[in-house]
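>>> Below: sequence and its predicted model.
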Amino acid sequence: MVWGTIFWLRKTVSSPMFESFPLAPPDSILGLAAAFEKDPRPGKINLTVGVFKDEQGRTPILESVRQAEERIFKTQKTKSYLPIEGAPEFTKSVSRLVLGEDFDFSRVAAAHTPGGTGALRAGADTLARNFPGLRVWLSNPTWANHGSVFQAAGMETLVYTYLNGGKTGLDFDGMIQDLESKGRPRDVVLLHACCHNPTGIDPTLEQWERISSLMAEKKMIPFLDFAYQGFGDGIVEDTKPLHIVLRKNPEVVVCSSFSKNFGLYSERVGALLMIGADGSGTEALMSQVRASIRCNYSNPPRHGEAIVVTILGDNDLSALWRSEVDAMRTRISSMRDSFIRGMSSMGRDFGFLATQKGMFSYTGLNAMQADWLKQERAIYIVGTGRINVAGLSPDTMTTLCMAVDEACKL
Ligand code: LMR
């Protein structure tokens, strides 16, 4: 028995460790985008990952970003480390962008994070390291990575109803009922501040009032993922739901991303804003945010942050950037309308997409139909039926509509 155990231990310890790892499943969004790149078929269409594309199918560098980079190139003097929470000019300017000029910023512990994902993780870590055992409610469905991020921080994930049975609209009563009947004080509730990912279906402002009151009554913590500011109704208009939540809830977490609205995907620029009841706890809160970041990625990357600071700090660049965000939003919305018209010309009613906002639309197609589109038509959409509307162009529209019509017959 003893010799048997020793033999087993020696065998286990001496066999290669890395070779024994099981294969992890591919990421349901980025894995598909990688498979698309390898697909040799001509005319293939990629509607997977949420990146904006222009009519020619390119993901352009915004003109405001180009001009800011030229200025940075001429004036930047160092590549030395930034503070753990990023440069103060960055945290101040993005706090103003997200919370408005009149907010009491003494309540805000703000940090530059690598993208919105970095903000989600830093926020989740900060909460979980101080309150072990926290639970977080996610909409069903939600962004494919939300669950993993919160679980990696050690939080238990639960889901609340979001879509109606036909997957064409919000089941608001179901959402409220789930949170009201099962939510507990100090439960975290992940809400999409605008342009819900993956469905494009947002609550109305009246419904946001109810959500906000419920969070306050139940003493739950609203945790807003704000990755698409400017892609719903406008840069300022899209902050309305957040302000409704802030009016009734003393403690709120906001995770901003500047991947989409500044087109800075690979520069990894986002922000975590942890807002306390009053300024008295901000210093300690900030120290906890720093502690979470330091043991994760230490401090943020400089270049993207400098671009955002340069644009937001200059009236002309800011105006140019705002007009570029408006143009992106308008193009996406015209592609959504064109898809609805295209499907209608084939006798299919996709009118429910008209109220959806932001980069994504939930088509109602199932995983089998999504797979058929990939295998048979080289059209890549996420298995949940989500399409990146911003990836469409007039040139690809007819091909897509014809293929979706065929998929609907399966
Ligand atoms: C998406 O949902 O496609 C984007 O947020 C990109 C990503 O990282 O998944």
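Thanks, I have it.
>>> need the contact list for the residue in the stretch 1-150 of the chain that the ligand sits nearest to.
Per Cβ to the nearest ligand atom, residue 50 is where the stretch 1-150 of the chain lies closest to the ligand, at 3.3 Å. (Each C-beta comes from the backbone N, C-alpha and C, glycine too.) Residue 50 makes contacts with 29, 197, 260, 359-360, 388, 390, as judged by Cβ atoms under 8 Å, 6 or more residues apart in numbering.
>>> same thing but at 6 Å, please
359, 388 (Cβ atoms under 6 Å, 6 or more residues apart in numbering).
>>> Same check on residue 249?
215-216, 222.
>>> Can you give the distance of the helix or strand harbouring residue 311 from its chain's centre?
Using DSSP states H and E, residue 311 sits within helix 302-312. Centroid displacement of helix 302-312 relative to its chain, using Cα atoms, centre = their mean, to the nearest Å, is 20 Å.
>>> for the record, mean pLDDT for that helix?
Confidence for helix 302-312, expressed as mean pLDDT, is 98.
>>> If you count neighbours, what's buried in it?
302, 304-312 (16 or more other Cβ atoms under 10 Å).
>>> Show the pLDDT at the closest residue to the ligand within the stretch 151-300 of the chain.
Nearest residue of the stretch 151-300 of the chain to the ligand, counting by Cβ to the nearest ligand atom: residue 197, 5.2 Å away. Note on residue 197: pLDDT of 96.
>>> before we move on, what about residue 6?
pLDDT, residue 6: 64.
>>> Kindly report the same for residue 2.
pLDDT, read off for residue 2, is 61.
>>> who does the longest helix seen in the chain touch, helix- and strand-wise?
Of all the segments assigned as helix in the chain under DSSP state H, the longest by residue count is helix 315-344. With contacts taken as 3 or more Cβ pairs under 6 Å, 6 or more residues apart in numbering; DSSP states H and E, helix 315-344 sits against helix 63-75, helix 302-312, helix 394-408.
>>> Output the last one in PDB with nothing but the alpha carbons.
Going back to what we said before, that points to helix 394-408. This file holds the C-alpha atoms of helix 394-408, laid out as PDB (Å, rounded to 0.1, in the frame of the first residue of the first chain):
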ATOM      1  CA  PRO A 394     -24.600  47.800 -48.400                       C
ATOM      2  CA  ASP A 395     -22.400  45.400 -50.300                       C
ATOM      3  CA  THR A 396     -23.000  42.500 -47.900                       C
ATOM      4  CA  MET A 397     -26.600  43.200 -47.100                       C
ATOM      5  CA  THR A 398     -28.300  41.200 -49.800                       C
ATOM      6  CA  THR A 399     -26.100  38.100 -49.300                       C
ATOM      7  CA  LEU A 400     -26.800  38.200 -45.500                       C
ATOM      8  CA  CYS A 401     -30.600  38.600 -46.000                       C
ATOM      9  CA  MET A 402     -30.800  35.800 -48.400                       C
ATOM     10  CA  ALA A 403     -28.800  33.500 -46.200                       C
ATOM     11  CA  VAL A 404     -30.800  34.400 -43.100                       C
ATOM     12  CA  ASP A 405     -34.000  33.700 -45.000                       C
ATOM     13  CA  GLU A 406     -32.700  30.200 -45.900                       C
ATOM     14  CA  ALA A 407     -31.500  29.700 -42.300                       C
ATOM     15  CA  CYS A 408     -35.000  30.500 -41.100                       C
END
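>>> what's near enough to touch the residue nearest the centre of the chain?
Nearest to the geometric centre of the chain sits residue 227, at 4.4 Å (Cα atoms, centre = their mean). Residues near residue 227 by Cβ under 6 Å, 6+ apart: 116, 257.
>>> What pLDDT does the model give it?
Value for residue 227, per-residue pLDDT: 98.
>>> ok, now residue 367?
We have a pLDDT of 93 for residue 367.
>>> out of everything not next to it in sequence, what's closest to it?
Once flanking residues are discounted, residue 367 sits nearest to residue 383: 4.3 Å by Cβ to Cβ, 6 or more residues apart in numbering.
>>> I'd assumed residue 369 was in contact with that neighbour.
No: applying Cβ atoms under 6 Å, one finds residue 383 not in contact with residue 369, separated by 9.5 Å.
>>> Which one's more surrounded, the two?
Between residue 383 and residue 369, residue 369 has the larger neighbour count (other Cβ atoms under 10 Å), namely 21 against 18.
>>> For this structure, what lies in contact range of the ligand?
Applying Cβ under 6 Å from any ligand atom, we find that the chain lies next to the ligand at 29, 49-50, 143, 145, 197.
>>> show me what contacts the residue of the stretch 251-400 of the chain found nearest the ligand?
Residue of the stretch 251-400 of the chain nearest the ligand, by Cβ to the nearest ligand atom: residue 388 (6.8 Å). By Cβ under 6 Å, 6+ apart, the residues touching residue 388 are 47, 50, 359.
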